[in-house]
Structure formats: structure tokens, C-alpha cells
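# I need the structure of the sequence given here:
(one chain, ligands or ions: 1)
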Amino acid sequence: MKEIGHWIDGKLVAGTSGRFADVYNPATGEVQARVALATKDELDDAVARAAKAQVAWAATNPQRRARVMMKFVELINRDMEKLAELVSVEHGKTLPDGRGDVQRGLEVIEVCTGAPALLKGEYMNDGGPGIDLYSMRQPLGVVAGITPFNFPAMIPLWKMGPALVSGNAMILKPSERCPSTSLALAQLLQEAGLPDGVLQVVNGDKDSVDAILDNEVVQAVGFVGSTPIAQYIYGRACSNGKRAQCFGGAKNHMIIMPDADLDKAADALVGAGYGAAGERCMAISVAVPVGEKTADALVERLIPRIEKLKVGPYTSGDGVDYGPVITAQALARIKGLIDSGVAQGADLKIDGRNFALQGYENGFFVGPSLFDKVETDMDIYKEEIFGPVLSVVRRGSYEDAVKLVMENQYGNGTAIFTADGDTARDYANRVNVGMVGINFPIPVPLSYFTFGGWKKSAFGDLNQYGPDAFRFYTKTKTVTARWFSGIKEGGEFHFKAMD
Ligand code: NAD
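Residues are numbered from 1 along each chain as shown. Predicted structure coming up:
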């Protein structure tokens with residue numbers, strides 16, 4: 001059985017804990033490897049080594065650090081296919097989705113190549129007699145990234161790029177379900193010129209996460225995953241005096257107005273609801289048509305489109321729309337939630353529970369499901385399903401639709417489909433959600449903006465990537481300097497004569 005260890009001081013090393021987690025091929029249901037789960041001692045040792053390496057890295061000028069990112073961009077592009085396959089074989093997503101996973105991470109590294117411009121401080125000349133003020137951004141030291149299974153390339157890249165180019169060392173703790181991509185990225189960073197020890201990839205579970213949270217050297221924690229864990233990590237990191245930004249789960253709504261192009265809205269819902277088996281924090285899981293006529297016409301358009309979806313392993317090539325879900329437990333949970341939707345009275349229009357694929361009987365596949373007439377007290381509405389299940393919640397007016405979205409506990413992404421600019425503008429201004437799409441179903445901002453939800457979708461006050469990330473991974477120091485040569489007796493200020 002293949003054993004996956006850690007990346008410490010520029011080398012792949014085996015774990016010493018004797019504890020492992022199984023890594024599945026979700027398409028076949030087989031265990032393809034086991035990943036070592038680090039102990040507190042292993043984690044603390046990785047942090048101590050990172051702290052040593054960080055000193056010289058922080059003293060390397062920003063332009064040189066950015067050059068490592070430039071080379072990293074080149075190497076990711078060179079290895080795009082290998083990386084995409086590594087994502088797909090452990091996660092199960094299709095190869096185009098695997099490439100997309102790498103690509104959306106790469107775009108953040110591209111922004112990091114221009115980091116010196118974002119790391120500049122501010123300067124004021126003559127703030128008082130002979131007094132100049134300037135501020136500088138300095139790295140925090142050793143920081144940590146803890147990432148989820150669903151984007152094995154993108155989210156580690158969102159973490160490591162801004163943290164490293166800002167002069168920090170990073171402990172990256174990837175998901176134990178998909179550990180290999182982070183190790184491959186670490187090797188590419190070494191090839192790009194990152195000094196050994198500046199990025200340590202430590203595989204593990206709750207034990208290693210708790211060790212990160214309690215390690216006094218670790219200055220900041222960037223987490224992405226489910227809401228209960230995000231909330232737990234935020235609380236423990238903050239009470240230990242660390243900077244923390246913890247991004248959690250989601251329930252993203254798309255409002256469909258009567259004046260929307262319903263064919264385009266239906267196409268968008270199918271892509272955003274079922275793509276990557278619904279395992280995206282920006283997936284649309286709730287469609288909110290306004291008015292009964294809109295709802296009937298939308299459901300009529302959704303059904304044939306959903307029935308056409310092809311589900312299969314990534315090895316089937318580009319003809320597959322989505323693959324298996326991540327584990328047998330995730331599969332059972334999704335099916336259980338569909339059962340609950342039926343028991344609680346929702347109208348199950350398409351039932352994906354009995355989906356089977358010849359030759360992949362043990363894979364974690366589930367067909368697409370569509371519920372109509374879902375109510376807010378049903379579990380399928382209240383919980384993040386994180387599977388290929390779309391719920392239609394009908395509303396009689398725009399105001400009622402907005403109220404529904406506003407009252408939901410999550411606030412990651414949302415979309416509105418309409419032909420009316422006033423309605424779209426009103427929605428974007430009022431809604432209490434972090435990322436809004438107008439006739440755009442998955443509004444993941446481009447990498448020079450920033451990514452982050454509101455309400456229970458994020459804890460902490462700065463977003464991921466873009467300018468916010470450079471603020472998160474640096475601290476500001478402000479210097480007030482006085483030079484006496486320009487000050488006359490009595491405090492009056494004058495410029496020196498130029499003779
Ligand atoms: P998860 O919360 O189970 O795991 C995330 C990370 O936390 C992993 O590294 C895992 O090892 C660690 N972890 C798990 N249980 C822990 C515990 N009890 N104590 C300490 N650490 C623990 O999430 P997941 O299933 O890997 O990912 C899916 C979730 O992530 C979904 O809820 C999805 O919406 C969310 N997500 C959010 C965003 C965002 O930006 N808001 C992006 C992607 C995914």
C-alpha cells in the first residue's frame with residue numbers, strides 16, 4: 001500500500017505516529033494509499049524548523065520572493081495535466097474540473113508575482129517640523145493554512161502564495177482525503193527556488209490541527225472547511241492570541257425573476273448546482289423562482305437538462321459532467337438527506353439515490369436530484385448538503401425572495417437572474433452575502449479582488465487572496481522620524497539653502 005508522508009525541510013519524509021487515514025479512489029471505492037497523521041511532536045518540530053528558515057526568507061527582498069512565484073507559475077503550467085490528474089484521482093472530479101481547480105489557484109499565484117507593489121507601505125514627508133512618517137508591512141513569522149478536500153489545488157495555492165511571498169514561512173495542513181496535490185505543489189515550489197523549510201506540508205487530522213492552534217510560534221491561521229470546524233478553529237486560535245480567518249460552509253441561493261431569460265437561468269442552475277457533484281462552497285443549492293408561473297416554467301426547463309447529465313469516473317474523459325462524491329460517508333449522508341426531504345413533504349422531481357454505474361458498483365456515485373416545493377423548516381433546506389441536489393423554494397414576490405436569502409444563516413455567494421437593472425442593483429446593494437452574481441451563477445471573484453462570505457460562512461475580518469490576503473499575512477509598523485538639520489531654533493522649519 002502506498003504511504004503518503006509529509007514535506008519537511010525540502011524532503012518527503014515518512015510519518016512517525018503509526019496513525020494513518022485511508023485515501024480512497026472515490027470512483028472505485030478502493031483504498032489507493034494511506035496518509036500519515038502527524039503527532040503534536042511532529043507538528044511542533046516542523047514549526048521550529050520553519051521558524052529558522054523564515055528568518056533568511058523574510059530578509060530576501062520582495063522582488064526576489066516574487067521571482068520564485070514567477071517561476072512557480074511557469075512550473076504549474078508545465079505540470080498542469082499531472083496536477084489535474086492528481087486532483088481527480090483523489091477527489092473524483094472530472095479532468096476539466098481538476099484543471100479548473102489548478103487554474104483558479106494559479107491565478108492567485110499570478111497576482112503574487114506582483115506582490116512588491118502590494119507590500120509597499122505609506123509615506124508622509126514633513127508631517128511636522130523635520131518629521132517624516134512611514135509605514136512598512138512586515139511578515140508575521142510562521143503562519144498556518146488548514147484546507148478542505150474539495151479544492152485540493154486551489155485552496156492550498158490561495159493560502160501559500162500570499163503567505164510566502166509576504167515573507168512568512170507556512171505550515172500547510174491539507175485535507176487528509178486529498179493530500180497528494182499539496183505535496184506536489186511543495187516540490188514545484190522547491191524547484192522554483194523556495195528555500196527548504198519555508199513551506200512545510202504536514203498531513204494530519206484534528207490532532208495536528210489542535211497542535212497548530214496551541215503552538216505559540218504560529219502567528220496566524222487561515223482555515224477553509226465546514227462551518228462547525230471553522231467556528232471551533234477561529235475561537236481556539238483567537239483565544240491563543242493568533243490572527244485567524246476561517247471560511248466555512250454555505251447555502252447559496254439564486255433568485256430567478258419573472259423577466260429573466262429562463263433557458264439561460266436553467267443552464268446556469270444545472271452547471272452551478274450539479275458541477276463537481278455539488279461539492280463546491282459556491283455551488284447553488286437553492287433556486288428561488290419568483291411567482292408560480294416562473295417556478296413552473298423553470299422546473300419544466302430544469303428536468304430535461306438534469307436528466308441529460310452524465311455521471312462517471314474522471315477517466316471517462318470530457319464527456320462526463322461530474323464524478324463521485326468524496327467518501328462512502330458523504331454518499332450515505334446525501335442519500336439520507338434526500339430521504340428526509342421526501343419524508344418531510346418536498347416534491348422529489350428527480351431521484352438520484354438509485355444511480356448505479358456498471359463496473360463502478362463500489363464507487364461513491366449519486367445521481368442528480370431535484371426537489372420542488374421545498375420549505376424552510378425541512379432539513380434539505382437547513383443543512384448544507386454538499387452533493388448534487390438542487391432545491392426549488394418558491395416565493396411570491398421579490399421582497400419575499402430577498403427576505404429568504406437574508407434570513408439564511410449562511411452568506412457565502414448568491415445570484416440573481418433578471419433583465420431589470422434596478423432590481424439587480426437593489427439586490428446587490430441590500431443582500432447580506434459576501435459575493436453576488438448578476439446573471440452569473442458562481443460569482444467567485446477574479447484573483448485581484450478578494451474572496452469571502454458573510455454570516456456563518458466566514459469568521460474573521462479579512463478575505464482570502466487579493467489585497468486582503470497581503471494585509472492578513474503582514475503586520476504594519478509605522479515609523480515617525482525627526483531629523484534636526486531642517487529645524488531652526490524655536491521649532492520653525494525651513495529647507496536648507498541649495499548653495
Ligand atoms: P472539514 O471542515 O471537514 O475539514 C476541513 C479541514 O479541517 C481539514 O483539513 C480537516 O482535516 C480539518 N478538520 C476536520 N475536522 C476537524 C476537527 N474536528 N478539528 C480540527 N480540524 C478538523 O471540511 P471538508 O469536508 O474537508 O470540506 C467541505 C467544507 O468546506 C464544506 O462545508 C464547504 O462549504 C467548505 N468550503 C468552504 C469554502 C469557503 O471559502 N468558504 C471553500 C471550500 C470549501
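# in the stretch 201-350 of the chain, what residue is nearest the ligand?
Using CB to the nearest ligand atom, the point where the stretch 201-350 of the chain gets nearest to the ligand is residue 225, with a distance of 2.7 Å. To be clear about C-beta, it is placed using only N, CA and C from the backbone, and glycine gets the same treatment.
# wouldn't that residue be in contact with residue 147 here?
Yes: counting by CB atoms under 8 Å, residue 225 sits close enough to residue 147 to count as a contact (7.5 Å).
# mind checking pLDDT for residue 496?
The pLDDT attached to residue 496 in the predicted structure is 54.
# Same question for residue 449.
Predicted confidence (pLDDT) at residue 449: the value is 97.
# now it, nearest residue through space, not along the chain?
Nearest residue to residue 449, sequence neighbours excluded (CB to CB, 6 or more residues apart in numbering): residue 466, at 5.2 Å.
# Residue 11 too?
Once its chain neighbours are removed from consideration, residue 11 has its nearest residue in residue 196; the separation is 7.7 Å (CB to CB, 6+ apart).
# residue contacts, the closest residue in space to residue 451 that isn't next to it in sequence?
Among residues not flanking residue 451 along the chain, residue 464 sits closest, at 4.6 Å (CB to CB, 6+ apart). By CB atoms under 8 Å, 6 or more residues apart in numbering, the contact set of residue 464 is 158, 159, 222, 224, 245, 247, 450, 451, 452.
# go with 6 Å
If you count contacts by CB atoms under 6 Å, 6 or more residues apart in numbering, residue 464 has them with 158, 451, 452.
# From these, which land in helices?
Helix and strand membership here follows DSSP state H; of the contacts of residue 464, those in helices are residue 158.
# between residue 225 and residue 147, which one's more packed in?
Neighbour comparison, residue 225 and residue 147: the larger count goes to residue 147, with 26 against 22 (by other CB atoms under 10 Å).
# So that one sits against residue 156, correct?
Yes: the pair residue 147 and residue 156 passes the contact test of CB atoms under 6 Å, sitting 5.3 Å apart.
# nearest to residue 71, of the contacts of residue 464?
residue 158 (18.9 Å; CB to CB).
# In this structure the closest one contacts residue 106, no?
No: shown here, residue 158 and residue 106 do not form a contact pair, counting by CB under 6 Å, at 10.6 Å.
# ok, for residue 17, nearest residue in space, not its chain neighbours?
Leaving aside its sequence neighbours, residue 17 sits nearest to residue 39 (CB to CB, 6+ apart; 4.5 Å).
# Count the residues that sit near residue 263.
By other CB under 10 Å, 12 other residues sit near residue 263.
# One more: the one 3 residues further on?
By other CB under 10 Å, the residues close to residue 266 number 24.
# re the thing from before, please, which helix or strand holds the residue nearest to residue 11?
Of the helices and strands defined by DSSP states H and E, none includes residue 196.
# Please apply the same query to residue 213.
When elements are defined using DSSP H and E, residue 213 is found to belong to helix 206-214.
# With residue 58 instead?
Secondary-structure assignment from DSSP H and E places residue 58 in helix 40-59.
# does the ligand sit close to that helix?
No: using CB under 6 Å from any ligand atom, we find that helix 40-59 stays clear of the ligand, coming within 12.4 Å at best.
# can you give me the strands for the stretch 351-499 of the chain?
Using DSSP state E, counting those that start in this stretch, the strands assigned to the stretch 351-499 of the chain run over residues 369-372, 389-392, 410-411, 413-417, 435-438, 454-455, 458-459, 474-482.
# how about those strands in a markdown table, adding distance to the ligand and mean pLDDT?
Written out in a markdown table, the entries for these read as follows (distance: least, CB to the nearest ligand atom, whole Å; pLDDT from 0 to 100):
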| stretch | distance to the ligand | mean pLDDT |
| --- | --- | --- |
| strand 369-372 | 18 | 98 |
| strand 389-392 | 14 | 98 |
| strand 410-411 | 9 | 98 |
| strand 413-417 | 9 | 98 |
| strand 435-438 | 10 | 98 |
| strand 454-455 | 11 | 98 |
| strand 458-459 | 6 | 98 |
| strand 474-482 | 21 | 97 |
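# That concludes my questions; thank you for your assistance.
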